[in-house]
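Engineer: this one's structure only:
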């Protein structure tokens with residue numbers, strides 16, 4: 001599986017264990033590095049729940065798909081989306097089982113399937129470790145780009 005944020009990953013292992021953004025240079029007039037790539041997608045809901053402050057952990061970036069990482073994976077997803085059957089994204093900023101479409105209050109048509117799958121997965125994880133994972137809707141992820149009848153899963157694991 002490709003690592004979509006290598007500079008942020010490296011920084012989280014050398015300088016700030018809870019770092020979640022990439023390491024893009026700050027916008028003019030700011031001194032805070034990075035964009036939250038999870039909030040940078042050009043999807044419905046862009047910016048909802050994200051920050052416009054470059055110093056925030058949830059900074060959405062200067063524009064939709066403004067980051068090279070987001071741009072290249074979005075192009076790849078669009079190119080191959082008819083062949084993608086499952087999209088599994090791992091994050092490490094909490095302990096959640098996530099699905100897309102958290103930017104609106106109406107549930108996706110396959111919400112029951114997503115919640116059931118999430119509960120089974122959480123139960124399996126809890127049999128191995130006492131940590132707690134919770135199903136949760138979240139907005140503006142790459143997962144929103146892929147919906148359209150596809151199974152989309154985002155799993156957050158606690159950093160250690």
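Structural biologist: Nice, thanks for sending it over. Predicted model, so just to flag it, every value in this text is computed and none were measured. Residues are numbered from 1 along each chain as shown.
Engineer: just for the chain, where's the confidence low?
Structural biologist: Applying pLDDT under 70 to the chain flags the ranges 1, 45, 90-96, 99-104, 130-160.
Engineer: In it, what residue spans correspond to strands?
Structural biologist: In the chain, the strands defined using DSSP state E lie at 86-91, 96-99, 134-137, 151-156.
Engineer: pretty sure residue 34 is touching residue 5, no?
Structural biologist: No: assessed by C-beta atoms under 8 Å, residue 34 is found out of contact with residue 5, at 9.4 Å. No exception for glycine: its C-beta is placed from N, CA and C like everyone else's.
Engineer: so what sits against both of those two?
Structural biologist: residue 22 (C-beta atoms under 8 Å, 6 or more residues apart in numbering).
Engineer: which other helices and strands contact the longest helix along the chain?
Structural biologist: The residue-count maximum for a helix in the chain (DSSP state H) belongs to helix 111-128. Counting contacts by 3 or more C-beta pairs under 8 Å, 6 or more residues apart in numbering; DSSP states H and E, helix 111-128 is packed against strand 96-99, strand 134-137, strand 151-156.
Engineer: center of the chain - which residue?
Structural biologist: residue 38 (4.0 Å; C-alpha atoms, centre = their mean).
Engineer: ok, residue 7 - contacts?
Structural biologist: Taking C-beta under 8 Å, 6+ apart, we find residue 7 in contact with 22, 23.
Engineer: separation between it and residue 40?
Structural biologist: 14 Å (C-beta to C-beta, to the nearest Å).
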